[in-house]
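Trainee: Quick one, what's the 3D model for this:
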Amino acid sequence: MISDKINSHYQKNNEQQRLSIGTGQVEFERTKELMSRFLPNAPARILDVGGAAGVYSLWLAGEGHEVHLIDPMPNLLEQAKQASTQADAPIKSIRIGDARNLDFPDEFADVVLMMGPLYHLVDKSNRITALKEAIRVLKMDGLLFVAAISKFASTLDGFVQGFMDDPKFVPIAEQDLTDGQHRNPFDNTAYFTTAFFHHPEELKKEIEEAGFSYQNTFAVEGFGWLLQDFDKHWNNEKRRERLLKFIRLTETESSVLGVSAHLLAVARKQ
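Mentor: You can find the predicted model right below:
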């Protein structure tokens, strides 16, 4: 189950609003854009594993899909339920659950989303178990979208945001670069919470080890999240479109892939 540290982080932070402010906006728009390239025609049956407050589930339901959301945290599920009741296209089902032991039958879903489990399961064996569960519940040729955080994110964010001036933050970033194990022993939610941060090649290897046919890994925000004047770019239509254009142009460039805070890998059950 979710550790007390992770639970405390999501109690203090509004996950439902995160993707609608600041650089969360480019994360949300780019994730939707990338998924839209691969999603089957509606109505597909989609399982949103670790779907949190339901932001992606509600978007997919609004696109005409049948969406089932699970998450281990009751407070996030309550947010998802409240938002779903107010939506024109509600989420089909919302329940508590664990990515490593999905309460769904074999070959249940056309698509599985794992937008959080792989970075909150800090042991590789648990990540592989979760990925194998995704294979089990997917239909043949079913699609997996899995999000990861880059192991370089803390270092980049640390210098951009000035966190490196705090001697407490420096060893956090150093540990991320050493083995990807992100730990924040301090009461500062800006330093995130217990997690595992992937190298892009590491993410690919885990997906393949679990038995998936790996397709590709994309930079979600690319370099865009590092802009000092991000809001000026995002709130200006011409600048926003230019920014998105160049993120797309570099989205699979291996030499800069790890610059993106978030990665989105795509795989199939074959």
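
Trainee: Now do the same contact list for Gln161.
Mentor: By Cβ atoms under 8 Å, 6 or more residues apart in numbering, the residues touching Gln161 are Ala190. Where C-beta positions appear, they are placed from N, C-alpha and C, glycine not excepted.

Trainee: Let me know the pLDDT of it.
Mentor: If you check Gln161, the pLDDT there is 95.

Trainee: Could you list the low-pLDDT ranges of the stretch 51-200 of the chain?
Mentor: Within the stretch 51-200 of the chain, no stretch has pLDDT under 70.

Trainee: How about residues contacting the helix or strand encompassing Gln175?
Mentor: Assigning secondary structure by DSSP states H and E places Gln175 in helix 170-179. Applying Cβ under 8 Å, 6+ apart, the external contacts of helix 170-179 come out as 151-155, 158, 163-164, 181-184, 191, 197.

Trainee: if you look at these, which of them are in helices?
Mentor: Judged by DSSP state H, these include Ala153, Ser154, Thr155, Gly158 as members of helices.

Trainee: For these, give me CSV that also has distance to Ala219 and neighbour count.
Mentor: Output for the ones in helices among the contacts of helix 170-179, formatted as CSV (distance: Cβ to Cβ, whole Å; neighbours: other Cβ atoms under 10 Å):
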residue, distance to Ala219, neighbour count
Ala153, 12, 25
Ser154, 17, 27
Thr155, 16, 19
Gly158, 19, 19
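
Trainee: Return the closest of those residues with respect to Ser254.
Mentor: For those, the closest approach to Ser254 (Cβ to Cβ) belongs to Ala153, at 17.1 Å.

Trainee: Identify the residue spatially nearest to the closest one, adjacent ones excluded.
Mentor: The spatially closest residue to Ala153, leaving aside those adjacent along the chain, is Ala261, at 4.7 Å (Cβ to Cβ, 6 or more residues apart in numbering).

Trainee: isn't Ser213 right next to Arg268, touching?
Mentor: Yes. Between Ser213 and Arg268 there is a contact at 4.7 Å, judged by Cβ atoms under 8 Å.

Trainee: if you count what's nearby, which of those two comes out ahead?
Mentor: Comparing Ser213 with Arg268 by other Cβ atoms under 10 Å, the one with more neighbours is Arg268, at 16 against 12.

Trainee: Dig out what the more buried one forms beta bridges with.
Mentor: Note on Arg268: beta-bridge partners Leu143, Ser213, judged by DSSP bridges.

Trainee: what's it in contact with, if anything?
Mentor: Neighbours of Arg268 in contact, by Cβ under 8 Å, 6+ apart: Asp141, Gly142, Leu143, Leu144, Phe212, Ser213, Gln215.

Trainee: Please repeat the previous calculation with a cut-off of 7 Å.
Mentor: Residues near Arg268 by Cβ atoms under 7 Å, 6 or more residues apart in numbering: Asp141, Gly142, Leu143, Phe212, Ser213, Gln215.

Trainee: State the distance from it to Ala261.
Mentor: Computed with Cβ to Cβ, to the nearest Å, the distance linking Arg268 and Ala261 is 25 Å.

Trainee: Then Arg239?
Mentor: 20 Å.

Trainee: do Glu202 as well
Mentor: According to Cβ to Cβ, Glu202 and Ala261 sit 16 Å apart.

Trainee: So the two - more neighbours on which side?
Mentor: The neighbour count for Glu202 versus Ala261, taken as other Cβ under 10 Å, is higher for Ala261 (24 against 15).

Trainee: Going along the chain, name the helices of the stretch 101-250 of the chain.
Mentor: Counting by DSSP state H, counting those that start in this stretch, residue ranges of the helices within the stretch 101-250 of the chain are 117-120, 124-137, 153-161, 170-179, 200-209, 230-234, 237-249.

Trainee: per the record, what domains does the protein have?
Mentor: Segmentation of the chain into domains, based on automatic domain parsing, reads 4-150+199-268, 151-197.

Trainee: Just say which of the ones you listed is most tucked in.
Mentor: Across these, averaging neighbours per residue (mean count of other Cβ atoms under 10 Å) puts domain 4-150+199-268 on top, at a mean of 18.
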